[in-house]
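>>> Got a predicted structure here, sequence first:
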Amino acid sequence: AKACEPLIAMIIEEIRSGPIVNMDETTVQVMHEPDRANTTKSYMWVARGGTPGTPVVLFRYHPTRAGSVATDILGDFKGYLQTDGYSGYEALGEREGLCHLGCLAHVRRKFVEVEKSAGKKAKGGTAHAVLDLIGKLYSVEHQAEKQRLDPEQIKALRAEKSRPILDKLKALLDARIATTPPKSLLGRAISYALKQWDRLVVYLEDGRLRPNNNLAENAIRPFAVGRKNWLFSGHPRGADASATLCSLIETAKANDLEPYRYLRHLFEHLPTATSDAQRKALLPPYIAPKSLIIPT
């Protein structure tokens, strides 16, 4: 991991140079952190960005969930930032040149919880109506994917079909917020959706954008699944090393490279790479999958 640090610095540069960044974070338990109990929660942050079509993924361990971690990762990035509704991202959304997107999937999950709690009574209720409208929004996205539309065509399709659905959804939420107990499960779901609304509709602006933050969540999921097996990192240095290797593996996967073959290729060629250009050529976006075939 120490030897791969120059590649991680390049991944950060790639993320900052792209038009869109997706960010998320999950908990990790780390032993022997200075002045902290071993049971204290720490965090593994993830950022996905870079050139569309050849993305990079960065994992970053930090003892806290402070928004300053996201600020440090993004640096001078200008473009679209997509996150969930965590308050730590709030300050980033106010910065010049940064446009913040919300996550429709997080809104949907809150109404799914409402529907589950209501059981058979959910049919015909507010949560059911909201989920039906969100389902129609995703149907538009499936149509665009099926027809393999380019970004401009996707933008036009959303303007025609998604915008009216979003207008209906907003009207429904506005009508229900006044008559729903604010501390109820439904009241909290409606409040969350309305608070996030301005960010939820940003994806209509650009066909390259997505209505949800699933790209970041999908990148961080293997780490979360693995955590159930290995449970914790034994030291902050171990957490940093784990972040480095996860960055390389998930970047390889995002570029359709088989992770083991990529790591073997990297570890064979990194020791002889003496310039930044040679090191950059070892990043997954610059490697063709067919070049990683292991000779028999």
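Good, I have the coordinates.
>>> okay, CA-based contacts and neighbour counts for the rest of this
Fine.
>>> Shouldn't Gly50 be within a helix?
No - Gly50 is assigned strand when assessed by DSSP: H, G, I helix; E, B strand; the rest coil, not a helix.
>>> all strands for the stretch 1-150 of the chain, in order.
Secondary structure of the stretch 1-150 of the chain (DSSP state E, counting those that start in this stretch): strands located at 20-29, 41-51, 54-62, 79-82, 98-101.
>>> Mean neighbour count, mean pLDDT and distance to Ala288 for those - can I get that in JSON lines?
Converted to JSON lines, those look like this (neighbours: other Cα atoms under 10 Å; pLDDT from 0 to 100; distance: least, Cα to Cα, whole Å):
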{"stretch": "strand 20-29", "mean neighbour count": "23", "mean pLDDT": "94", "distance to Ala288": "23"}
{"stretch": "strand 41-51", "mean neighbour count": "23", "mean pLDDT": "95", "distance to Ala288": "16"}
{"stretch": "strand 54-62", "mean neighbour count": "25", "mean pLDDT": "96", "distance to Ala288": "11"}
{"stretch": "strand 79-82", "mean neighbour count": "24", "mean pLDDT": "95", "distance to Ala288": "28"}
{"stretch": "strand 98-101", "mean neighbour count": "22", "mean pLDDT": "93", "distance to Ala288": "32"}
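>>> Report the central residue of the protein.
Ala216 (2.1 Å; Cα atoms, centre = their mean).
>>> quick revisit: which one, of the strands of the stretch 1-150 of the chain, ends up nearest to Arg208?
strand 20-29 (8.6 Å; Cα to Cα).
>>> What is the closest one packed up against?
Strand 20-29 makes packing contacts with strand 41-51, strand 79-82, helix 214-230 when contacts are defined by 3 or more Cα pairs under 8 Å, 6 or more residues apart in numbering; DSSP states H and E.
>>> domains for this protein, by residue range?
Domains of the chain are assigned by the TED database as 2-100+213-286, 104-204.
>>> want to throw these into CSV with distance to Ile293?
As requested, those are arranged in CSV below (distance: least, Cα to Cα, whole Å):
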stretch, distance to Ile293
domain 2-100+213-286, 7
domain 104-204, 30
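>>> Where does pLDDT dip in the stretch 51-200 of the chain?
Scanning the stretch 51-200 of the chain for pLDDT under 70 picks out the ranges 93, 120-124.
>>> Can you get me a residue count around the closest residue to Phe77 other than its chain neighbours?
Of all residues not flanking Phe77 in the chain, Arg16 sits nearest, at 4.7 Å (Cα to Cα, 6 or more residues apart in numbering). Residue neighbour count, defined by other Cα atoms under 10 Å, stands at 21 for Arg16.
>>> what sits against Arg16?
Gly49, Gly50, Leu74, Gly75, Asp76, Phe77, Lys78 (Cα atoms under 8 Å, 6 or more residues apart in numbering).
>>> right, and the second one touches Leu58 too?
Going back to what we said before, that points to Gly50. No - using Cα atoms under 8 Å, Gly50 is not in contact with Leu58; the gap is 10.4 Å.
>>> Pretty sure Met10 is one of the things Leu58 touches, is it not?
No - the pair Leu58 / Met10 is not scored as a contact, 10.2 Å apart, by Cα under 8 Å.
>>> which one is Ser17 nearest to, not counting chain neighbours?
Once flanking residues are discounted, Ser17 sits nearest to Gly50: 6.2 Å by Cα to Cα, 6+ apart.
>>> what pairs with that neighbour across the strands?
With DSSP bridges as the criterion, Gly50 is bridged to Pro55.
>>> do you know how far it is from Glu160?
Gly50 sits 29 Å away from Glu160, going by Cα to Cα, to the nearest Å.
>>> Kindly report the same for Lys290.
Counting by Cα to Cα, the separation of Lys290 from Glu160 is 41 Å.
>>> Please say which of the two ends up with more neighbours.
Higher neighbour count among Lys290 and Glu160: Glu160, with 12 against 8, using other Cα under 10 Å.
>>> A helix includes the more buried one, no?
Yes - assessed by three-state DSSP, Glu160 belongs to a helix.
>>> quick one, longest helix in this structure?
helix 126-146 (DSSP state H).
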